[in-house]
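> Fold the following.
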Amino acid sequence: MTRYIEPTRMDHLFNRTVAGLTRLGISVWGSRILYVRGRSSGEWRTTPVNMLTLNGSRYLVAPRGITQWVRNLRVAGNGELHVGRRIETFTATELSDDEKPAILRAYLKRWGWEVGRFFEGINANASEEQVQAIASGFPVFRIN
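As a prediction, this is how the structure comes out:
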């Protein structure tokens, strides 16, 4: 089964606001605009994302599950992160479920107020077993 949570109207409004500020060069708690080529069209697709830095590595987490940007990034393997006029190209490596718990916990610690409702009742203080149990529903990419 593929886990995906469709955005609400409020989610769309929030994302548009964050995207607008990020395009102006104002990163909201680490926000970036992800540019990734569409897997069918080859056209650039954009969405605001939260980039997490943990122990010197950087990650993109998909709290809604298997979204279009996740599907596109899996095929493309690379993309761009934008903040204002700054553009950073990257390559992405998807993590295995066993590698995700520490990243998911750090992500929840930083952005739980924003995305916690997507995590099936799990928060940053959940046990290792609880976080591991939901890991398969949350794609995580290491970016270089």
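> gap between residue 105 and residue 21?
27 Å (C-beta to C-beta, to the nearest Å). For every residue, glycine as well, the C-beta is placed using N, CA and C.
> Please identify which of those two sits among more neighbours.
The neighbour comparison of residue 105 against residue 21 (other C-beta atoms under 10 Å) goes to residue 105, with 19 against 16.
> What score does the more buried one have for pLDDT?
Residue 105 carries a pLDDT score of 97 in this model.
> now do the one 10 residues further on
According to the model's per-residue confidence, residue 115 sits at a pLDDT of 93.
> now residue 72, nearest residue through space, not along the chain?
residue 36 (4.6 Å; C-beta to C-beta, 6 or more residues apart in numbering).
> ok, now which ones touch residue 141?
59, 60, 73, 92, 93, 94, 95 (C-beta atoms under 8 Å, 6 or more residues apart in numbering).
> Buried among those? Make that a ChimeraX selection.
Buried members of the contacts of residue 141, defined by 16 or more other C-beta atoms under 10 Å, are picked up in ChimeraX with:
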select :59,60,73,92,95
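> Now render the contacts of residue 141 as CSV, adding secondary structure and pLDDT.
Output for these, formatted as CSV (DSSP: H, G, I helix; E, B strand; the rest coil; pLDDT from 0 to 100):
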residue, secondary structure, pLDDT
59, strand, 98
60, strand, 98
73, helix, 98
92, strand, 98
93, strand, 98
94, strand, 98
95, coil, 98
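> just the contacts of residue 141 now: which is nearest residue 118?
Within the contacts of residue 141, the smallest distance to residue 118 is 14.7 Å, found for residue 60 (C-beta to C-beta).
> and that closest one, what does it touch?
So residue 60 contacts 34, 49, 50, 51, 52, 73, 92, 140, 141, 143 (C-beta under 8 Å, 6+ apart).
> Give me the subset of those lying in strands.
34, 49, 50, 51, 52, 92, 140, 141, 143 (DSSP state E).
> closest to residue 109 among those residues?
Using C-beta to C-beta, those come closest to residue 109 at residue 52, 9.6 Å.
> show me what contacts residue 98?
With contact taken as C-beta under 8 Å, 6+ apart, residue 98 is in contact with 132, 135.
> what are the bridge partners for the closest residue to residue 93 other than its chain neighbours, then?
In space, and not counting its chain neighbours, residue 93 is closest to residue 142: 4.8 Å by C-beta to C-beta, 6+ apart. Here residue 142 sits in beta bridges with residue 59, residue 93, going by DSSP bridges.
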